[in-house]
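> Here is the input, now give the coordinates:
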Amino acid sequence: MSEAELLVRARGGDELAFGELVDGYRKELSAHCYRMLGSLHDAEDALQESLLSAWRGLKSFEGRSSLRTWLYRICTNACIRLGSQRPKKLLTTDQFPSREQTTDLGEPILEPMWLEPCPDDPAASYLQREGVELAFVAALQHLPSTQRAVLILREVLEYSAAEVAEILETTPQSVNSALQRARKAVEERVPPVSQQAELAALGEERLKELVEAFVTAWERADVDAITELLAEDVRMSMPPLPAWFDGREAVLRFFGERVFETPWRLVPLRANGQPGFACYMQDPADGVFRLGAINLLHLRDGRISWISGFLDPALHRRFDVPETFSAGTD
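Below is the predicted model of the structure:
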């Protein structure tokens, strides 16, 4: 059934037709909400609210814009409204100074204030993957909500200034002005080369070798081997713990004194368009390896420049990985 036919049926009150009508847009709208809010949980709420609004307001949709643009308009405004009611999502590196000592990592901060990673959608395009890189999404969260929306709609989704003006109910001149300010602010916070460009330059074979080397080094608790993979200015963070370490010496100290106290098993995965791992820590009580962290790697010139770990079990459940490791886990 065509979109036009589904639209007619949905306007007539057919909920199944409405579901089928919006299903084709659901993933990209979810990614849009995630970029806007930096949280999978908040993005889910925003999308749910948006689709409910769309259902209730469908009879008022006059077709002056495409259905896709109309849905983005509803989602964008829902995100702006929801974002004003919830804590801004940040990185620990934004909030706290780095630590030198590994004995005290601080108490977990369980408030919903941390930027979250997003599992990859294998069907996402190159442009969509670049638009969800963790550093980019983190930088977006520092923008005022309207600037954030303008930057995403113009540069990630490639809407024209006139279309963005219509979505945000403003003028193209205001959109262009907001875009300039947003670009400048984001450029100050993201690396000059995107992770997608770093990965393309590295190539699939060298990336595979790096991932395998990282897994082997971690599982063997081999600090020397880890050293060879890290950039001099590497960082390592692990919300909801406030502690993070800055520089190869501090990160290696953390590995040697804390991480490698316990045996681990790592399973590669992808999130935010970047390589990552489900990290399983052995429970000394029964010897079972249980999921303890989701770690993402950020690369620069073939070395690891940032290990961003996420320790919240509620977040782990959003990834399609088992809670315990077995030899067949992959």
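
> Ser30 and Leu47 touch, don't they?
Yes: with contacts counted by Cβ atoms under 8 Å, Ser30 reaches Leu47, the gap being 5.3 Å. Where C-beta positions appear, they are placed from N, C-alpha and C, glycine not excepted.

> what stretches of this protein score poorly on pLDDT?
125-129, 327-330 (pLDDT under 70).

> Report the distance from stretch 40-56 to the chain centre.
Computed by Cα atoms, centre = their mean, to the nearest Å, the chain-centroid distance of stretch 40-56 equals 18 Å.

> same question but for stretch 300-314, I mixed them up
Offset of stretch 300-314 from its chain centre (Cα atoms, centre = their mean): 12 Å.

> What are the buried residues along that stretch?
By 16 or more other Cβ atoms under 10 Å, the buried positions in stretch 300-314 come out as Arg300, Arg303, Ile304, Ser305, Trp306, Ile307, Ser308, Gly309, Phe310, Leu311, Asp312.

> quick one: terminal-to-terminal distance for it?
Distance across stretch 300-314, first residue to last, is 30 Å (Cα to Cα, to the nearest Å).

> ok so, going back, need the max-distance pair from the buried residues of stretch 300-314.
Spanning the widest gap among the buried residues of stretch 300-314 are Arg303 and Asp312, at 27.5 Å by Cβ to Cβ.

> How far does stretch 88-104 sit from its chain's centre?
For stretch 88-104, the distance from its own C-alpha centre to the chain's C-alpha centre is 19 Å (Cα atoms, centre = their mean).

> ok, residues contacting it?
If you take Cβ atoms under 8 Å, 6 or more residues apart in numbering as the criterion, stretch 88-104 is touched by 37-39, 42, 105-106, 112-116, 138, 141-142, 235, 237-239, 241-247, 250, 253-254, 257-258, 308.

> Which helix or strand lies directly C-terminal to the helix or strand where Ala31 lies?
Per DSSP states H and E: Ala31 is located in helix 15-37. Helices and strands here follow DSSP H and E; after helix 15-37, the next one along the chain is helix 40-57.

> and the angle for the helix or strand following that next one with helix 15-37?
Moving toward the C-terminus from helix 40-57, the next helix or strand (DSSP H and E) is helix 67-83. Helix 67-83 and helix 15-37 are oriented at 50 degrees to each other (axes from the mean of the first three to the mean of the last three Cα atoms, to 10 degrees).

> next structured bit after helix 67-83?
Using DSSP H and E, the helix or strand that follows helix 67-83 in sequence is helix 92-95.

> CA atoms of that next one as PDB?
Written as PDB, here are the backbone C-alpha positions of helix 92-95 (Å, rounded to 0.1, in the frame of the first residue of the first chain):
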ATOM      1  CA  THR A  92      32.600  13.200  33.100                       C
ATOM      2  CA  THR A  93      35.400  15.100  31.400                       C
ATOM      3  CA  ASP A  94      33.100  18.100  31.200                       C
ATOM      4  CA  GLN A  95      32.200  17.900  34.900                       C
END
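
> switch to numbering from 315
Let's use 315 as the start, then, which means that last one is helix 406-409.

> Just the buried positions in it, please.
So for helix 406-409, counting by 16+ other Cβ under 10 Å, buried means Thr406, Thr407.

> what do you get for stretch 430-439?
Buried residues in stretch 430-439, counted by 16+ other Cβ under 10 Å: Glu430, Pro431, Cys432, Pro433, Asp434, Asp435, Ala438.

> Would you mind pulling the contact partners of it?
The contact list for stretch 430-439, computed with Cβ under 8 Å, 6+ apart, reads 341, 345, 348, 352-355, 403, 442-443, 446, 448, 451, 583-587, 590, 608, 610, 622, 624, 629, 632-634.

> and the closest residue to Val464 other than its chain neighbours, helix, strand or coil?
Of all residues not flanking Val464 in the chain, Ala492 sits nearest, at 4.4 Å (Cβ to Cβ, 6 or more residues apart in numbering). At Ala492 the chain is in helix, as set by DSSP: H, G, I helix; E, B strand; the rest coil.
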